[in-house]
Each structure stands twice: as structure tokens, then as C-alpha cells.
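K.L.:
following is a predicted model, sequence given first.
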Amino acid sequence: MSTSYDFRDRNARDGDTDHLQLGLLDTLDQEDAGDRPRVRVSRRARRLSIRVYPDARVEVVAPPNARPRDIENFVATHREWIDDKRAQALRNRPTAQPFPPPGLELRCTQEHFRLQLAGGSGAPRVSEMPATGPDRVLKLAGAAEGRASRKALRAWLMRAARERLEPRVAAVAAACGVQYARVSIRRQRSRWGSCSARGTISLNCCLLFQRPEVVDYLIVHELTHVRHMNHSARFWQAVEKNCPAWRALDRELLQGWRHVPRWVFSDH
């Protein structure tokens, strides 16, 4: 079975959607048709590189002058590494569940939500109902299936992350004696957080599905970058000062994608 790669026409303008399909060797044993590896041409890339995302997708990043034959040979050369990383990702990938889910658990704040399907017409929308007991209620109005409903649930997740993670960053920063510029909430497939040179702390909304100790470690990690924009010995010493158990928590975070429901990224 041959595997198709989507290769951007290097003569296309930004925004063009034409792609050149490359029939490469069967270098990857992809599980699903939707998991086919993709070649992405980046003007900023200086050399070929391969990324294996937590959902087991494989992406080859190529500079504009890369030749199809070079890409094919590059993938074949790194087949063993790709297979190993994909196997790890598949082991950590969350199990499939029906959509809409009966509920969801935010481990970070120890909140459990039951999803109430309210029906009705119009675009799907998700609202958080006032708490009346140990279980919270999310009301999904409108069509309960399809991409639009997943998009509505993701929009709620982003709002929930901002409401819950921003105060957490402020509290951890105060305890560590670190000043930062602002907090940005994102939905990323491969990165839990980052810190910009201007002091912006970016956090993945998927942190809501991790244990609070793991989330606090990640926040400490990113806040430490405000003073140390590297991973030097001094950086890790500063992390350990504020989070002595960081090694175990870091290992747990690497496995954290298994706790993220598939609907957060997938429309299927």
C-alpha cells in the first residue's frame, strides 16, 4: 500500500490550496486513512524535519527548495524513529468515546460536568449552568452532533481554561516572586505551554484535564523562563526550588495527552 503525502506546490502563493500529491514509498504503517503523513513546506525551514504529534499524526516540514526524492529518502532513513514515536503516541492516545460525551472531568479543578442535551434549533451553543450539587451541568443547545457542536464545546473549553488558569498563574507567580506580562490560552496539539521574551505565559487549554499538581508544575516551568530563557542548569535549579517534585510531574505531563478527550482536536 502506498502512502500519499500532501506536498505544497513551491510556486504557489500564500493562501493557495493547490497541492502536488506525491506517491511515496510505504515507509509508514498508518492506522487510519486520516492519519496519513503530511509534508508541509515552510519558508522558515532550513532543513528537513519530522514531527510526530501526540495524536500520532506525522508531519514532515520541508524548506521550499526540497525535492520530492529528497523528502522520500529522508522519511525512509528515519522510518525506525518515526515508527517508535508513533507507537508511543498510539499507546498514550485517549480511547475513543461517543460524541456528544455523557460528561467530562476537569481534573485540574476537580470538577465533573454532566452534558445536558437541550435540543432546539439554531447553531449549537454550550453554557455552564449554576452549580446545584457535586456534579455541574453543561447545557448543549441546538444540534448535538456534527462539527458545529464540537466547535461549540471547544469554545466553552477555551473560556473555562481562561477563567480557571489565569488566577492559578497569578497565585503561583506570587508564591514564586515572579512578574509576568499576561496569560494567553491556546489549543495546541503538541505543546503544553510557553513563555515569550516579553513575559507572556501561554498555556494549553488541555491542562484542565491534568492533575492540579501537574498544572502547577507546568506554570512554575513557564514562569521560570521569565528569568531564564533556556533550559540551563540555573533554570532547573530555579524550577526545583519552587517545585521539588518536578521530575516526576514532568514525566506525568509527557503522558498527559491520554487524558485529553478526542473531540478536543478531532471532528470524527
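P.N.:
In hand now; what should we look at? Residues are numbered from 1 along each chain as shown.

K.L.:
which ones are touching residue 242?
P.N.:
Residue 242 is in contact with 175, 176, 220, 224, counting by C-beta atoms under 8 Å, 6 or more residues apart in numbering. Every C-beta, even on glycine, is put in place using the N, C-alpha and C of the backbone.

K.L.:
from residue 202, how far out is the nearest residue to the second one once chain neighbours are set aside?
P.N.:
Excluding the flanking residues, the one nearest residue 176 by C-beta to C-beta, 6 or more residues apart in numbering is residue 242, at 4.9 Å. Relative to residue 202, residue 242 is positioned 19 Å away (C-beta to C-beta, to the nearest Å).

K.L.:
then residue 251?
P.N.:
22 Å.

K.L.:
for these two, indicate the residue with more neighbours.
P.N.:
Using other C-beta atoms under 10 Å as the criterion, residue 251 and residue 202 rank with residue 202 on top: 17 against 10.

K.L.:
and the pLDDT for the closest residue to residue 260 other than its chain neighbours?
P.N.:
Take residue 260 and drop its neighbours on the chain: the residue closest to it by C-beta to C-beta, 6+ apart is residue 206, 4.7 Å away. On the pLDDT scale, residue 206 is placed at 97.

K.L.:
let me know the secondary structure of residue 206.
P.N.:
Put simply, residue 206 is helix when judged by DSSP: H, G, I helix; E, B strand; the rest coil.

K.L.:
per-domain residue ranges of this structure.
P.N.:
3-92, 103-264 (automatic domain parsing).

K.L.:
and the ones you listed, which is most packed in?
P.N.:
Mean neighbour count (mean count of other C-beta atoms under 10 Å) peaks for domain 103-264 among the domains of the chain, with a mean of 17.

K.L.:
any regions of the protein where pLDDT drops low?
P.N.:
Applying pLDDT under 70 to the chain flags the ranges 1-36, 133-134.

K.L.:
what's the longest strand in it?
P.N.:
Longest strand in the chain, counting residues (DSSP state E): strand 111-119.

K.L.:
what helices and strands are in contact with that one?
P.N.:
Packed against strand 111-119 by the contact rule (3 or more C-beta pairs under 8 Å, 6 or more residues apart in numbering; DSSP states H and E) you find strand 103-106, strand 135-141.

K.L.:
give me the distance from the longest helix along the chain to the chain's centre.
P.N.:
Counting residues, the longest helix in the chain under DSSP state H turns out to be helix 147-176. Here the centre of helix 147-176 is set off from its chain's centre by 14 Å, with C-alpha atoms, centre = their mean, to the nearest Å.

K.L.:
try stretch 203-213
P.N.:
Mean-position distance between stretch 203-213 and its chain equals 11 Å (C-alpha atoms, centre = their mean).

K.L.:
what's the answer for stretch 119-131, then?
P.N.:
Relative to its parent chain, stretch 119-131 has a centroid offset of 25 Å by C-alpha atoms, centre = their mean.
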